[in-house]
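Enquirer: Sequence and predicted structure, then a few things I'm wondering about:
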Amino acid sequence: MDVVNGLLVAVGLSAATGLNAPLPLLLLGLVDRWTGWVDLGAPWDALAEPEWLAALVLLALLDAVGDKVPVVDHALHSVGLVAAPAAGAVAAMAGSSGTDLAPVVAAVAGAVIAEGAHVTRTAVRPVSTLATAGVGNPVLSVVEDVSSVALTVLAIVIPIVAVALVVILAIPAIGIVRRLRRRLALRRR
(Lines give C-alpha, C1' and ligand atoms only; values in the text may rest on other atoms or scores of the structure.)
Protein backbone atom coordinates (compact mmCIF):
# COMPACT_ATOMS: atom_id res chain seq x y z
CA MET A 1 0.00 0.00 0.00
CA ASP A 2 2.94 2.31 0.66
CA VAL A 3 4.01 2.04 -3.00
CA VAL A 4 0.50 2.93 -4.17
CA ASN A 5 0.37 5.96 -1.87
CA GLY A 6 3.80 7.05 -3.12
CA LEU A 7 2.62 6.77 -6.71
CA LEU A 8 -0.56 8.74 -5.97
CA VAL A 9 1.46 11.51 -4.35
CA ALA A 10 3.91 11.50 -7.26
CA VAL A 11 1.12 11.76 -9.85
CA GLY A 12 -0.63 14.61 -8.05
CA LEU A 13 2.54 16.62 -7.50
CA SER A 14 3.86 16.11 -11.02
CA ALA A 15 0.56 17.19 -12.60
CA ALA A 16 0.73 20.32 -10.45
CA THR A 17 4.24 21.09 -11.71
CA GLY A 18 3.01 20.78 -15.29
CA LEU A 19 0.69 23.70 -14.56
CA ASN A 20 3.24 25.80 -12.65
CA ALA A 21 6.72 24.31 -12.25
CA PRO A 22 8.09 26.19 -9.20
CA LEU A 23 4.89 26.41 -7.15
CA PRO A 24 4.56 22.75 -6.00
CA LEU A 25 8.27 22.64 -5.12
CA LEU A 26 7.85 25.83 -3.08
CA LEU A 27 4.78 24.44 -1.32
CA LEU A 28 6.56 21.15 -0.57
CA GLY A 29 9.45 23.07 0.98
CA LEU A 30 7.13 25.28 3.03
CA VAL A 31 5.02 22.37 4.23
CA ASP A 32 8.14 20.41 5.21
CA ARG A 33 9.59 23.40 7.05
CA TRP A 34 6.51 24.61 8.93
CA THR A 35 4.09 21.71 9.32
CA GLY A 36 4.18 18.03 10.12
CA TRP A 37 2.30 17.02 6.98
CA VAL A 38 5.41 16.17 4.96
CA ASP A 39 8.84 14.98 5.96
CA LEU A 40 11.03 15.24 2.89
CA GLY A 41 13.88 12.77 2.99
CA ALA A 42 17.42 13.69 1.99
CA PRO A 43 18.36 15.17 -0.43
CA TRP A 44 14.86 16.59 -0.98
CA ASP A 45 14.78 18.21 2.45
CA ALA A 46 16.96 20.91 0.87
CA LEU A 47 13.73 22.32 -0.60
CA ALA A 48 12.89 23.50 2.94
CA GLU A 49 16.18 25.37 3.39
CA PRO A 50 15.87 29.19 3.39
CA GLU A 51 18.05 29.71 0.30
CA TRP A 52 16.02 27.20 -1.74
CA LEU A 53 12.75 28.64 -0.47
CA ALA A 54 13.92 32.14 -1.46
CA ALA A 55 14.91 30.94 -4.93
CA LEU A 56 11.58 29.15 -5.35
CA VAL A 57 9.64 32.22 -4.18
CA LEU A 58 11.49 34.31 -6.76
CA LEU A 59 10.82 31.78 -9.54
CA ALA A 60 7.17 31.47 -8.54
CA LEU A 61 6.75 35.26 -8.56
CA LEU A 62 8.48 35.62 -11.93
CA ASP A 63 6.27 32.87 -13.34
CA ALA A 64 3.12 34.33 -11.80
CA VAL A 65 3.76 37.78 -13.23
CA GLY A 66 5.26 36.72 -16.57
CA ASP A 67 2.55 34.18 -17.31
CA LYS A 68 -0.08 36.93 -17.21
CA VAL A 69 1.56 38.83 -20.12
CA PRO A 70 0.57 37.36 -23.52
CA VAL A 71 3.99 37.55 -25.24
CA VAL A 72 6.01 36.64 -22.16
CA ASP A 73 3.76 33.67 -21.35
CA HIS A 74 4.60 32.02 -24.67
CA ALA A 75 8.33 32.39 -23.95
CA LEU A 76 7.83 30.95 -20.46
CA HIS A 77 5.94 28.00 -21.93
CA SER A 78 8.89 27.29 -24.23
CA VAL A 79 11.21 27.21 -21.21
CA GLY A 80 8.61 25.08 -19.44
CA LEU A 81 9.04 22.31 -21.99
CA VAL A 82 12.28 21.51 -20.16
CA ALA A 83 11.52 22.97 -16.72
CA ALA A 84 8.16 21.23 -16.18
CA PRO A 85 9.37 17.63 -16.57
CA ALA A 86 12.47 18.37 -14.48
CA ALA A 87 10.34 19.93 -11.73
CA GLY A 88 7.83 17.09 -12.07
CA ALA A 89 10.56 14.50 -11.54
CA VAL A 90 11.92 16.37 -8.50
CA ALA A 91 8.46 16.91 -6.98
CA ALA A 92 7.51 13.26 -7.52
CA MET A 93 10.72 11.96 -5.98
CA ALA A 94 10.58 14.43 -3.08
CA GLY A 95 6.91 13.85 -2.33
CA SER A 96 7.21 10.08 -2.42
CA SER A 97 10.58 9.91 -0.63
CA GLY A 98 9.04 8.52 2.55
CA THR A 99 7.38 5.64 0.71
CA ASP A 100 8.56 2.42 -0.88
CA LEU A 101 8.10 3.80 -4.41
CA ALA A 102 11.36 3.41 -6.34
CA PRO A 103 12.88 6.84 -7.05
CA VAL A 104 13.36 6.01 -10.73
CA VAL A 105 9.66 5.17 -11.07
CA ALA A 106 8.74 8.41 -9.32
CA ALA A 107 11.13 10.40 -11.53
CA VAL A 108 9.90 8.91 -14.81
CA ALA A 109 6.23 9.18 -13.84
CA GLY A 110 6.80 12.73 -12.62
CA ALA A 111 8.56 13.86 -15.78
CA VAL A 112 6.03 12.27 -18.14
CA ILE A 113 2.95 13.54 -16.29
CA ALA A 114 4.35 17.05 -15.81
CA GLU A 115 5.30 17.26 -19.48
CA GLY A 116 1.85 16.06 -20.52
CA ALA A 117 0.14 18.67 -18.36
CA HIS A 118 2.50 21.38 -19.59
CA VAL A 119 2.09 20.50 -23.27
CA THR A 120 -1.69 20.53 -22.88
CA ARG A 121 -1.64 23.92 -21.22
CA THR A 122 0.75 25.21 -23.88
CA ALA A 123 -1.56 23.97 -26.65
CA VAL A 124 -4.55 25.77 -25.17
CA ARG A 125 -2.87 29.14 -24.63
CA PRO A 126 -2.53 30.19 -28.32
CA VAL A 127 -6.21 29.44 -28.83
CA SER A 128 -7.01 31.74 -25.93
CA THR A 129 -4.72 34.39 -27.36
CA LEU A 130 -6.45 34.26 -30.74
CA ALA A 131 -9.99 33.97 -29.38
CA THR A 132 -9.69 36.74 -26.76
CA ALA A 133 -6.89 38.91 -28.18
CA GLY A 134 -4.82 37.91 -25.16
CA VAL A 135 -7.35 39.07 -22.56
CA GLY A 136 -8.20 35.49 -21.57
CA ASN A 137 -4.58 34.49 -20.95
CA PRO A 138 -4.28 36.04 -17.47
CA VAL A 139 -7.54 34.34 -16.49
CA LEU A 140 -6.22 30.97 -17.70
CA SER A 141 -2.97 31.61 -15.87
CA VAL A 142 -4.77 32.27 -12.58
CA VAL A 143 -6.84 29.09 -13.08
CA GLU A 144 -3.60 27.14 -13.70
CA ASP A 145 -1.96 28.63 -10.58
CA VAL A 146 -4.98 27.87 -8.37
CA SER A 147 -5.20 24.37 -9.83
CA SER A 148 -1.50 23.81 -9.18
CA VAL A 149 -1.87 24.85 -5.52
CA ALA A 150 -5.01 22.73 -5.10
CA LEU A 151 -3.38 19.66 -6.66
CA THR A 152 -0.29 20.10 -4.51
CA VAL A 153 -2.30 20.36 -1.29
CA LEU A 154 -4.50 17.43 -2.26
CA ALA A 155 -1.47 15.32 -3.24
CA ILE A 156 -0.04 15.92 0.23
CA VAL A 157 -3.25 15.53 2.24
CA ILE A 158 -5.53 13.23 0.17
CA PRO A 159 -3.51 11.83 -2.76
CA ILE A 160 -6.34 9.72 -4.20
CA VAL A 161 -8.48 12.84 -4.63
CA ALA A 162 -5.59 14.62 -6.36
CA VAL A 163 -5.25 11.76 -8.85
CA ALA A 164 -9.02 11.66 -9.41
CA LEU A 165 -8.92 15.40 -10.14
CA VAL A 166 -6.01 14.90 -12.56
CA VAL A 167 -8.02 12.27 -14.44
CA ILE A 168 -11.15 14.45 -14.44
CA LEU A 169 -9.15 17.40 -15.84
CA ALA A 170 -7.22 15.25 -18.32
CA ILE A 171 -10.28 13.89 -20.12
CA PRO A 172 -11.58 17.25 -21.45
CA ALA A 173 -8.01 18.49 -21.99
CA ILE A 174 -7.26 15.54 -24.26
CA GLY A 175 -10.45 16.25 -26.19
CA ILE A 176 -9.48 19.91 -26.62
CA VAL A 177 -6.01 19.01 -27.86
CA ARG A 178 -7.47 16.49 -30.34
CA ARG A 179 -9.89 19.10 -31.71
CA LEU A 180 -7.06 21.61 -32.04
CA ARG A 181 -4.97 19.10 -33.97
CA ARG A 182 -7.87 18.34 -36.32
CA ARG A 183 -8.49 22.03 -36.96
CA LEU A 184 -4.80 22.64 -37.65
CA ALA A 185 -4.68 19.67 -40.01
CA LEU A 186 -7.74 20.97 -41.89
CA ARG A 187 -6.20 24.45 -42.21
CA ARG A 188 -2.98 22.99 -43.60
CA ARG A 189 -4.91 21.16 -46.30
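Expert: Arrived safely, thanks for sending. Here the structure is a predicted model, which means the values were calculated and not measured. Residues are numbered from 1 along each chain as shown.
Enquirer: List the buried residues of stretch 97-116.
Expert: 97-99, 101, 103, 105-116 (16 or more other Cβ atoms under 10 Å). Quick note: C-beta positions are derived from backbone N, CA and C, even for glycine.
Enquirer: Now do that stretch: everything it contacts.
Expert: 2-3, 5-7, 9-11, 13-15, 17-18, 21, 39-41, 44, 81, 84-93, 95-96, 166, 170 (Cβ atoms under 8 Å, 6 or more residues apart in numbering).
Enquirer: In PyMOL, how would I select the buried members of those residues?
Expert: The buried subset of the contacts of stretch 97-116, as determined by 16+ other Cβ under 10 Å, is captured in PyMOL by this line:
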select buried, resi 5+6+7+9+10+11+13+14+15+17+18+21+40+44+84+85+86+87+88+89+90+91+92+93+95+96+166
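Enquirer: Which ones among the contacts of stretch 97-116 lie within helices?
Expert: Judged by DSSP state H, the subset of these located in helices is 2-3, 5-7, 9-11, 13-15, 17-18, 81, 84-93, 95, 166, 170.
Enquirer: can you state the direction angle for the helix-or-strand element of the chain with minimal mean pLDDT and helix 2-19?
Expert: When the helices and strands of the chain are scored by mean pLDDT, DSSP states H and E, helix 159-188 comes last with a mean of 83. With axes from the mean of the first three to the mean of the last three Cα atoms, to 10 degrees as the basis, helix 159-188 and helix 2-19 are set at 40 degrees to each other.
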